[in-house]
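**Q** When you get a sec, could you give me coordinates for this:
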Amino acid sequence: MEANGKVSWMQHRLKTACLFLRPVQESDIPAIQKAASAFAVADAMISIPHPYPEDEAQRFVETQRELMSKKQSLTFSMIETEKKAFIGLISLRDFEPEHQTAELSFWVAPNAQGRGYMTEALPSVLDLAFKHLELNRIYAYHMLRNVPSGRVLEKCGLRPEGPKHGVKCGKFEDVLLRAVLREEWSKISEQLISRVRERYAVELGGS
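**A** Numbers count the residues shown, from 1 in each chain. Here you go, the predicted model:
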C-alpha cells in the first residue's frame with residue numbers, strides 16, 4: 001500500500017481456476033529467456049526478435065519493474081497453479097492517462113499453447129484494467145496469420161478497428177488493430193468471467 005492509501009501496481013494479484021497472475025519478477029528471468037527464445041513465440045510477436053538476445057529477459061524484467069513502479073505499465077507472469085510453472089506473460093503498456101487507454105500484449109510459452117490458458121486469463125486482466133485502473137479503452141494488435149491470438153481477443157470482446165502494417169524480420173506483416181471500451185466490457189464481462197469463476201478472485205494488495 002502506498003502512502004496515499006492507493007495500491008501499488010506491484011501488489012496486484014489475479015487468480016483464475018487454473019492460473020495465478022502476479023507482476024513479473026527477477027525469478028522469472030530464466031523461464032522468460034527460454035520461452036521467448038523459441039521460434040514459436042517470436043514468430044507470433046512483432047515485438048520479440050529472433051534470435052532472442054542473450055540477457056534480453058533480464059533487461060525486459062528490469063524495465064518492466066521500473067515502469068510498474070511509475071504506473072506506466074503492468075506486466076503479469078502467468079503461473080500454472082498446480083505445477084507452479086511459468087507459462088507466459090500479459091502486459092498492459094503504453095498507458096495514456098489523459099485518454100485512459102493502454103495497449104494489451106501477451107504470449108504463451110510453447111509447452112503451454114493450445115490449452116486455453118489465455119482465454120482463461122484475459123478476462124480477469126481486462127476486468128482489473130477497467131474497474132481498478134480506470135481505463136476507458138484497451139487495444140491490441142495481432143498479425144493476421146496469428147489466428148489463435150485473434151480468436152482469443154475476439155472472445156474477450158475486442159472488436160476489429162482496422163488493418164495496419166508491421167515489419168517482422170525485415171518483412172512486412174498484415175496486422176489487425178482490435179479494441180474494447182469500458183462500456184462495451186461492462187455488458188459482456190459477467191458472462192466471460194463466469195466461465196472461470198470457480199476460485200476466481202481479484203486481490204488488490206492481498207496475500
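**Q** When you work out contacts or count neighbours from here on, use the C-alpha atoms and nothing else.
**A** Noted.
**Q** How many residues are close by residue 34?
**A** Other residues near residue 34 come to 12 when the count uses other CA atoms under 10 Å.
**Q** CA atoms only: put the helix or strand harbouring it into CSV for me.
**A** Residue 34 is part of helix 29-36 when elements are defined by DSSP states H and E. Extracted as CSV, the C-alpha positions of helix 29-36 are listed here (Å, rounded to 0.1, in the frame of the first residue of the first chain):
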residue,chain,number,x,y,z
ILE,A,29,14.1,-14.3,-15.9
PRO,A,30,15.3,-17.8,-16.8
ALA,A,31,11.8,-19.0,-17.9
ILE,A,32,11.2,-15.9,-19.9
GLN,A,33,14.6,-16.2,-21.6
LYS,A,34,13.9,-19.8,-22.5
ALA,A,35,10.3,-19.3,-23.7
ALA,A,36,11.0,-16.1,-25.7
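**Q** Now the element after it, going C-ward?
**A** Counting by DSSP H and E, what follows helix 29-36 is helix 39-42.
**Q** For the helix or strand that that following helix is followed by, buried residues please.
**A** Beyond helix 39-42 on the C-terminal side, the first helix or strand identified by DSSP H and E is helix 56-69. For helix 56-69, burial by neighbour count (16 or more other CA atoms under 10 Å) applies to 56-58, 60-61, 64-65, 67-68.
**Q** is it true that residue 69 touches residue 10?
**A** Yes. Contact criterion CA atoms under 8 Å: residue 69 and residue 10 qualify, at 7.0 Å.
**Q** contact partners of stretch 29-43?
**A** Residues from elsewhere that reach stretch 29-43 (CA atoms under 8 Å, 6 or more residues apart in numbering): 48-52, 54-58, 61, 86, 88, 107-110.
**Q** how about a cut-off of 10 Å?
**A** With CA atoms under 10 Å, 6 or more residues apart in numbering as the test, stretch 29-43 has contacts from 24, 45, 48-62, 77, 85-89, 107-111, 113, 143, 146, 168-169.
**Q** how about the strands of this structure, start to end?
**A** Taking DSSP state E to define them, one finds strands in the chain at 12-15, 19-23, 74-80, 85-96, 101-108, 137-143, 159-168, 171-181, 201-204.
**Q** Relative to the second one, what are the paired strands and their orientations?
**A** Strand 19-23 has the following sheet partners, assigned by DSSP bridges: strand 12-15 (antiparallel), strand 74-80 (antiparallel).
**Q** now the fourth one
**A** Paired with strand 85-96 in the same sheet, following DSSP bridges, are strand 74-80 (antiparallel), strand 101-108 (antiparallel).
**Q** Spatially nearest residue to residue 174, not counting backbone neighbours?
**A** Once flanking residues are discounted, residue 174 sits nearest to residue 165: 5.0 Å by CA to CA, 6 or more residues apart in numbering.
**Q** In this protein, which residue is most central in space?
**A** residue 90 (1.9 Å; CA atoms, centre = their mean).
**Q** on that earlier part again, which of the strands paired with strand 85-96 is buried the deepest?
**A** Highest mean neighbour count of these: strand 74-80, a mean of 23 (counted as mean count of other CA atoms under 10 Å).
**Q** Good, wrapping up.
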